[in-house]
Each structure stands twice: as C-alpha cells, then as structure tokens.
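Student: structure, please.
(2 chains)
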There are 2 protein chains.
Amino acid sequence: MSFTRFDRYVERNAQSFIERLQALCRMPSVAARGTGMRAVAETVEQMMQRAGGGTRLFRLGSGYPIIYAEFGAGSHCFLIYGHYDVQPVGSLTEWTSGPFAAQVIGNKLYARGAANSKGDLVARLAAIEAYQKSFGKLPFCLRYIVEGEDALGSPSLYQFATEHADLLRAHGAIWDDGYIDERGRLVISLGFKGIAFVELRAHGARTDIHSKWGGIVPNPAWRLVHALATLLSPDGKITVDDYMRHVAPLDEEDLRLLASVELDEEGLKREFRIESWARGLSGSELVRELVFGPTCTICAIQTGHTETGPRTALPGTAAARVDFRLVPNLTPELVLRLLREHLDRRGFDDIEISVLARAPVAKSSARSLVARAAVASANEVYGTEPIIYPLDPASGPVGALCGAVEPPTPVVSFGIGYEGSNPHGPDENIRLEDFIQGIKYFGRVIHQLGRLAEEANFQGESKNALNLPRGQAIAAKGARDDDQ
Amino acid sequence: MSFTRFDRYVERNAQSFIERLQALCRMPSVAARGTGMRAVAETVEQMMQRAGGGTRLFRLGSGYPIIYAEFGAGSHCFLIYGHYDVQPVGSLTEWTSGPFAAQVIGNKLYARGAANSKGDLVARLAAIEAYQKSFGKLPFCLRYIVEGEDALGSPSLYQFATEHADLLRAHGAIWDDGYIDERGRLVISLGFKGIAFVELRAHGARTDIHSKWGGIVPNPAWRLVHALATLLSPDGKITVDDYMRHVAPLDEEDLRLLASVELDEEGLKREFRIESWARGLSGSELVRELVFGPTCTICAIQTGHTETGPRTALPGTAAARVDFRLVPNLTPELVLRLLREHLDRRGFDDIEISVLARAPVAKSSARSLVARAAVASANEVYGTEPIIYPLDPASGPVGALCGAVEPPTPVVSFGIGYEGSNPHGPDENIRLEDFIQGIKYFGRVIHQLGRLAEEANFQGESKNALNLPRGQAIAAKGARDDDQ
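Tutor: All right, here's what the predicted structure looks like:
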C-alpha cells in the first residue's frame, strides 16, 4: 500500500496538528495540583470523537476521568494507552518560556507535557484521522485508553483494569514511552518490567520517646534496618529466600535482542555523577543486569526526624519503601508471598508489609503482531532500523492493563520525544519534525497491524480467541458513564 | 544552723515568688519560634541582678543570649546551669488554659515552661535571696549560667563552654533536671550519660533518579542500611569494634546505688504501649541496662520520599542519625574514632560521619560536695530520704559545662516538677507546694555546700585547686558583653 496520499494529508495538515497540540498543552493538567483536569479530560474526549471514536468517560471514586474510545472494527483488537496529565512544572525560573505557553522556538515546541505525553496523544489521533481520510475505516478495533493520574501512580487506572477487564482484551497494546535516539533511530521496547512496590513498617513505643530509653525500649528503626539487611547482600544480590529461583533463564530471542542494546556507559556515569556501576559491572553484563535483572531498591526510609536541629528521640515507628522490579517469571503476588515468608522465617513477623503499587511484567515476543508491526514500520519513516529493547527496565501502568487479562496482552512502546526532551524537568520540549514523523510512523503501524491481522486470519491463527464484546462498551457515540 | 528565719522569709514571700514565676511564664520564649527571646533574657538578667548577682550577657554569633551571673565569694565555687527558653506549645486545643496565661488552678500553676524550667530558675533565685536576707552573703562563689537554646540543642552553650572554660571552673555543678516522685521523694541524679550524636551519610547519584536504574546504580540507602547493620546486633548488642572493651566495670558505690533504683516496669510498659522490654530484660538487669548501659540508638533515617503517593525513585543520598549515650569510660572523641575505624575496616569509608552534638559523661561520686549537700538537705524538707540515681540515663548540656575543664566538674541534679508535670506536652504544670519546698530545699543545699566547703578547707582538701579567677569575669555589676 502506498502512503503517498497519507503523507500528503499529514503534510498539508501539519500546521493544524501542531496547533492542536499547542492548544492541548496550553491547558495545564498537573495531576498533583488538580486544577483543570476535568476540562482537559473533556477536551481529549472531544478530540477522540472528532477523530471518529465512540467514547465513554469513566470516573472511579474521586479520581480524574479515564477516557475510553473505540475506533474501527475487525477480527482483531489493539489497545493504546496514554495519559493527559502532566508532571509538576518545578521552578518557573528554570523555564525559558512559560511551561503552558506552548511556544514554538526554532524547530521545537516547548511545553510541560509536550513530550510526556500530549505530543504522542495528538500525533496518534492525527494518524488515525489521516488513515481514515486516506484509506477509510481502521481495519481492526482500536481501543484507546487515556488516564489522568500517571504522575500520581495511576490509582484509578488500576481500579479500572480490575473492574473493566472485558474492555481490555486485545491482541496487542501500544504505549508511548520511548524516544528517538541521538542517531535518529526509533527506540522500541518489547515490554516492561513488572513492579511490586511495598512499604515495610515496624512499630515500637506508641510515640517518639526520649532516646535515653534506647537501651531498653524496642527501636523500630533498628528492627527495620536488620530486616532490610536480610533482603539484599552487601554486594547487591537479592537474598529473599527462593527469589532468584523464579527468575526465568533468557531465551535465544532475549539474548539476540540484548546483544544489540547499547548503553553509553561513560555518558550515563557523567550524568549520574557516579564513579562506577554497582558491583563493578560493565559491558554486556551491565546491559543484561539493567534489562533483565530483577531489582530490589530501597526508594525511601522514614523514621524519626531529620529536620534542622539535633533531636534525639527513639522513634515510635519506622517505614521503608522498597521497589522490586520484576522480570519473567516473577509476579507481584509471588514476590509478596516470598517476602512475607522470608521475614517470618527470620522472626520478623512483626514487620508489616503493605502494597503501594503493583503491575505484572508485560513482555512481548518479537513475533507478536504489535512487535512485528512496530519494527516493520520504522525503516520507511526513520530511514534506519529501530533499536529494540527486549524489556524496558521501567514499569508502567500499561502493565496493569496488559495483565488484567490472561494471557497478558503483548505490549510494545515507542514515542516522539528525543534525548533532550527533559520530560520531568524544565524546558520540556519536542522537535516538530519528530512529531510529524511520529504521525507518519503511526499511520504505518496501523496499516501493518491490519495487514498482520488479515494474515493471521488467513492462517487461522486468531480464531477470535479474545471473544471480544465489540460495540457493547459503547452505548452510543459520545455516551458518558460517570461511575462515581 | 536553724532555718526558721529562712523558712519564715520564704513563707512570707511565697505569693510574691509565685507571681514572679507567673510573670516570667507569661513571657513566651519558645526558642524554636524565636520571638521575645531577648526580652526574656534581659528579664532574667535583671532578676539575677536584683538577687545581688553581678552579670554578663554573652551572645555567640546569632544565638540567643547566655546570662552569666556570680553571687557570693569564698574558697569554693559552684555552678548552676539553667535555661530560659521553653518547648513549643504544640496544639493549643489540648491546653486547658493558655500556655502563656500562667493560671493558678487549684494548687497548680499551668504554663509552658513552669516545670522545664522557669520554676526552678525562679525558685533558686528566691532561695539565694532568702538565704542572703536570712544569713548574709553566700559563703562561696556561685556561678549561675542560663542559656536560651535548650530546645535547640544548646549550640551557643557548647561554644561558650569551649571559649570560656575559665568561667566554668567549679567544685561542683547543679542542674534542674529531676522531679518529686509519686511518693513525695526527691529524685537526685549523680550525673548524666554523655552523648555522641552523629549523622551517617551515604551518597549515590547526584540526585534522585528513576528506580529502573536500581540494579546498576549504587544505592546509598542500601549502603547505609548495610553499614548500620554492623553497628548493633539484631539482639541489641553494640558491635562497633572494641566498643564494649572501653565500658568501665561498675564499682561498689555504683552497685549500691543501683540496687535502690526503682523502675515501674508495668506502668512504663503501659505508658509506652509496648509488650516487653528490649531483649526480654526485666528486674535488676533492666535497671542496670537503663542506668549504666551504653546505647546506640537510631533516632532518624531519611532517604527518598515518603509523602503520600507512591514515588519510585533511587535516592541520591541517605542519612541516619545515631545517638550513642555514653557511660564511663566512653568519651565522644573515642566513640567517633572507634566508629570511623569500624566502618573503614569494613570498606564503608565512603560513609560520612558528622557530629550533631556531643557531651562527655558528667558523673559525680556520692562523696562529692554537691552530692553530699543535695542528699543531706532532702530529708528535712521532704520528710523522706531521696531517691538517688547514680547516673541519669539522659544527657544534657550541663555535661558540656562540666566537661569543659579537667578533671570534669561533678554534677548533681534535682528539680521541682512532679510526674504529672508533662514538660514537653500540653498542660505543663507544677504544684505550688513543690515550688515552695524547692526554695526551702535549695536554701539548705546552699548552706550545706558552705559547710562542706569550710570543712574541706579545714581538712586542707580544697587547696584552691581551681585557681579561680574570681571577680575577673565581672567587670562591674550589670556590665554587659555582647560577644557578637
């Protein structure tokens, strides 16, 4: 299929697409502040409708709305996940232009959210629009889910995934985490690590007391330190009983993809200002550990007071937040069980464990439809083969969506940002060219997905295994369902 | 010597003394807020002058003034330490009457600072006044030092002790930490544990980074946990190399005094809401551990963020505050050296140690002049023998004053509060009777000190060993020296 018509449409409307993105970026949607969230959600819903989607708005408890839209129809179904909320802006003085001015300076658009991830949202909707104008209806069912709590840990989305798993059945999912590397190559991830983020808490006296009692009143800070010290060896190996036994060995595909992953060791060391990597790792061992290593990271410990002024008190409680990043075949449920058993076995049954966040591993085979479509579409637009991460070391709420059904939905991820996008800092920006390329690329991904779905049908592979409740989700175009 | 005249003076002026205390309590002097501190300092200085003291006001850097006053003259010199600042008031709704209303309700005076320790300050000055009115000039040199940063960790006082050790030479020191127990007995401490309060800090990346890097970027939180875990065994024994070797064995006097220390184990367990004491301690072992055990207490750990909302980040830095309470013969300097060597020996030479506070052990023999005077004066006023703690498990800035000279000045401590005084909580209060008894008691302590000093001179014991620069300190009565 020739994309001449499609590309011409994109180019003709490029300015309009950019202006749509500017308009969306000018609506502040900092989830942590909470103002204007509803207005942005409604705008996104209208954008979905204008692109031809049937939509529903879900509101779970007091959370920000989740927009669910469906486009096209067919034997296959694919899922896109995105978010309309943005990170806090931080110090305004560090910004060259206002974070919500959405100014174009040179060939870049500066705005909070431009890269993470309103740019992807607008680009993908533009691609859907251009596809429909050029080729007609999408050749499969596309479910587009956009949440507003990415920066808050996506509580509503997790609840949504549990309560509406029927809306999440799909042959593949696409996220927008990714970027164009410094050599212009598209970086594609074939999945994300899972996560079990827990808080461990120990209790002592009912309140902080004078530390003169330190010798005879149980100290929860010591208790916690001693419990934590059993989870990881001083040389960085996870020592939770039986843990490593569950880590699946890498298969040939993993090893093949891993071999092509590049890591700018020296550049990253300079960026992090560290002298060496943990455990003296380097080269392929370092890459393997980053990509396929399970992690056990203390993210926070809080006990007592560390404000200015020395205050000697024996704390009444102590808490640590520990983040386990999961690789196959570790699941959040397994990790929680192993952790509890490990602590109990050592007499730490008084240490409370509570779950702050969890998401399963979401990993695709390179042979999945989404992976094949993403990889096959890259060269034509970017003029070079993509970089493929067999597993992204990060996790994401997309894991909750993919893991809500069994077997988990394969996921791939790519985006329109670049290495200078600074999505969590000041002067967040995208290059306009990347934005337009992203539209063209996504149009091709749609096409490839349709082609592969057809091929699968021809080979009798799909069998409608998902048993999709197509259409049931959307009562009527634009219908709204505010689950309060 | 008969105290009839002295007691009659105290009784006749009781109402006036109470009103003086009320007036002082009505001047808020919350060091943490910092308002009105100078005014209170000046009021205290005037009270000292009215009681016949020659005074100097020391101001170190931007700290709150230290009042130094001298009374009387003689071969011997004694030191009193107090403070005019008070603790924060906390939640006003928890107070029955305003914290600075200084209301008398029934037989109690309610005010922030009434027990800790404006009541002692006013009582001691009243005793000095009554003594002079009844018997004439004090029979020794009395140096009264009052600071305004007790609640802030006494930074100015520590500097003062270093810079003005000449003003601190004395045959004994008296502090006001202490109380009347539930059976009306005066609790006297013959000293205080020392303290080395340190912060241990580990560094990782230059800032918090995404925790997906947890497997390959050094994590200062883990580093700190592993370092801490080497300092104390899971069963609560200090495992810093060579540490316990320096703890002096208890002598006969220690053991004798220890045998009479009572601890309301069940009542305290209820108060702290704990099920059992550390390491299953109880009875005399528990008391010995409390009084003479060296401690190593984690008072605080801070790394990463524990605010609401799960945030997975690999922290860039991690800090713990550890409080070592010292017993003979542990000194802050020794502990710091042992700690450094211990960590270095285990490869933790990257862990920074900084000192937040330090004070040497300040311990008196029961045969010291101050101990004998305090013990001998109790029965006549309180109608029962005092409870004597051979060592108070707390430490205090008085340790810095006593330790500024060599050999350290013996110290005793007692006060006018009672078990219901709640000096750090709401409704801080004293019983007026305790206040008046405190004045009478202190008059007798002055007398006993004079008598013992004379006796020592007669026996040739004192030899003016202190070589006191009497009078040099005070250029003129009321002269002021603001060291900026």
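Student: so which residue of the stretch 1-150 of chain A comes closest to chain B?
Tutor: A:Ala32 (7.9 Å; CB to the nearest CB). Just so you know, the C-beta spots here come from the backbone N, C-alpha and C atoms, and that holds for glycine as well.
Student: identify the residues contacting the residue in the stretch 301-450 of chain A that chain B sits nearest to.
Tutor: Nearest to chain B, among the residues of the stretch 301-450 of chain A, is A:Gly304, at 3.0 Å (CB to the nearest CB). Listed by CB atoms under 8 Å, 6 or more residues apart in numbering or on different chains, the contact set of A:Gly304 reads A:208, A:221, A:311, A:313, A:315, A:318, B:298-301, B:321.
Student: now, those that are in strands?
Tutor: Of the contacts of A:Gly304, the ones assigned to strands by DSSP state E are A:313, A:318, B:298-301, B:321.
Student: packing partners for the helix or strand bottoming out on mean pLDDT in chain A?
Tutor: Across the helices and strands of chain A, mean confidence by mean pLDDT, DSSP states H and E is lowest for strand A:209-210: a mean of 86. Other elements packing on strand A:209-210 under the criterion 3 or more CB pairs under 8 Å, 6 or more residues apart in numbering or on different chains; DSSP states H and E are strand A:313-314.
Student: close to chain B, is the strand it packs on?
Tutor: Yes: counting by CB under 8 Å from any CB of the partner chain, contacts between strand A:313-314 and chain B involve A:313-314.
Student: now stretch A:182-194
Tutor: Yes: remark: stretch A:182-194 sits within contact range of chain B at A:Lys193, by CB under 8 Å from any CB.
Student: I figured A:Asn457 hits A:Phe140, correct?
Tutor: No: with contact defined as CB atoms under 8 Å, A:Asn457 does not count as touching A:Phe140 (10.4 Å).
Student: anything in contact with each of those two?
Tutor: Counting by CB under 8 Å, 6+ apart, the contacts common to A:Asn457 and A:Phe140 are A:75-76.
Student: of these two, which one has the most company?
Tutor: Ranked by neighbour count (other CB atoms under 10 Å in any protein chain shown), A:Asn457 and A:Phe140 place A:Phe140 first, with 23 against 15.
Student: and that one, its phi and psi?
Tutor: phi -160, psi 170 (degrees, to the nearest 10).
Student: the nearest residue to it once chain neighbours are set aside: what secondary structure?
Tutor: Once flanking residues are discounted, A:Phe140 sits nearest to A:Gly74: 3.9 Å by CB to CB, 6 or more residues apart in numbering or on different chains. Recorded secondary structure, A:Gly74: coil (DSSP: H, G, I helix; E, B strand; the rest coil).
Student: and the one 5 residues further on, by the same measure?
Tutor: For A:Leu79, the secondary structure call by three-state DSSP comes out as strand.
Student: got a pLDDT number for it?
Tutor: According to the prediction, A:Leu79 has pLDDT 97.
Student: these two touch, right, it and A:Ala165?
Tutor: No: with contact defined as CB under 8 Å, A:Leu79 does not count as touching A:Ala165 (11.9 Å).
Student: more crowded one of these two?
Tutor: A:Leu79 (24 against 14).
Student: so the more buried one bridges to which residues?
Tutor: A:Arg143, A:Ala173 (DSSP bridges).
Student: again with the one 4 residues further on
Tutor: With beta bridges defined as DSSP bridges, A:His83 has these partners: A:Glu147.
Student: same check on A:Glu352?
Tutor: Counting by DSSP bridges, the residues bridging with A:Glu352 are A:Arg201.
Student: run a quick neighbour tally on it.
Tutor: A:Glu352, neighbours per other CB under 10 Å, totals 14.
Student: these two touch, right, it and A:Leu200?
Tutor: Yes: counting by CB under 8 Å, A:Glu352 does reach A:Leu200; the two are 7.1 Å apart.
Student: strands of the stretch 101-250 of chain A, start to end?
Tutor: For the stretch 101-250 of chain A, the strands defined by DSSP state E, counting those that start in this stretch cover A:103-105, A:108-110, A:141-147, A:172-175, A:179-180, A:187-189, A:191-192, A:194-203, A:209-210.
Student: so what does the longest one touch, helix or strand wise?
Tutor: Packing contacts for strand A:194-203, counted by 3+ CB pairs under 8 Å, 6+ apart, involve helix A:220-228, strand A:317-326, helix A:332-345, strand A:352-359, helix A:398-403.
Student: what does the third one rub up against?
Tutor: To tie it back to what came earlier, the one meant is helix A:332-345. A:194-196, A:198, A:227, A:230-231, A:240-243, A:246, A:324, A:326, A:349, A:351, A:353, A:355, A:358-360.
Student: now the end-to-end length of stretch A:272-291.
Tutor: One end of stretch A:272-291 to the other measures 18 Å (CA to CA, to the nearest Å).
Student: whoops, I mixed them up, stretch A:152-170
Tutor: End to end - CA to CA - stretch A:152-170 spans 26 Å.
Student: what of stretch A:336-353?
Tutor: Start-to-end span of stretch A:336-353 (CA to CA) is 8 Å.
Student: list the buried ones in it?
Tutor: For stretch A:336-353, the neighbour count (16 or more other CB atoms under 10 Å in any protein chain shown) marks A:336, A:338-339, A:342-343, A:348, A:351 as buried.
Student: ditto for stretch A:417-424
Tutor: Buried, per 16+ other CB under 10 Å, within stretch A:417-424: A:417-418, A:421, A:423.
Student: what's the answer for stretch A:399-408, then?
Tutor: A:399-405, A:408.
Student: isn't A:Ala300 right up against B:Thr306?
Tutor: Yes: checked against CB under 8 Å, the pair A:Ala300 and B:Thr306 is within contact range at 4.7 Å.
Student: circling back: closest to B:Pro99 out of the buried residues of stretch A:417-424?
Tutor: A:Pro423 (49.3 Å; CB to CB).
Student: farthest-apart pair in the buried residues of stretch A:399-408, please.
Tutor: The farthest-apart pair in the buried residues of stretch A:399-408, when distances are taken by CB to CB, is A:Gly399 and A:Val405, at 12.2 Å.
Student: can you pull the contacts of A:Ala248?
Tutor: Contacts of A:Ala248 (CB under 8 Å, 6+ apart): A:327-329.
Student: next: A:Val370.
Tutor: A:78, A:171-174, A:364, A:410-412, A:449.
Student: okay, those in CSV with neighbour count next?
Tutor: Formatted as CSV, the contacts of A:Val370 follow (neighbours: other CB atoms under 10 Å in any protein chain shown):
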residue, neighbour count
A:Phe78, 27
A:His171, 25
A:Gly172, 25
A:Ala173, 27
A:Ile174, 25
A:Ser364, 26
A:Pro410, 22
A:Val411, 30
A:Val412, 29
A:Leu449, 26
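Student: from these, which has minimum pLDDT?
Tutor: Lowest-confidence member of the contacts of A:Val370: A:Ser364, scoring 91 (pLDDT).
Student: how much space separates it from A:Ser413?
Tutor: Using CB to CB, to the nearest Å, A:Ser364 is found at 10 Å from A:Ser413.
Student: same check, this time on A:Pro423
Tutor: For A:Pro423 relative to A:Ser413 (CB to CB), the value is 14 Å.
Student: pull out the buried residues from stretch A:248-257.
Tutor: A:250, A:254, A:257.
Student: please identify which of these is nearest to chain B.
Tutor: Closest to chain B, out of all of the buried residues of stretch A:248-257 and judged by CB to the nearest CB, is A:Leu250, at 14.9 Å.
Student: how many residues are close by the nearest residue to the closest one once chain neighbours are set aside?
Tutor: Using CB to CB, 6+ apart and skipping residues adjacent in sequence, the residue nearest A:Leu250 is A:Phe292, 6.1 Å away. A:Phe292: 21 surrounding residues under other CB under 10 Å.
Student: select the longest helix from chain A.
Tutor: Assignment by DSSP state H gives helix A:432-458 as the longest helix of chain A.
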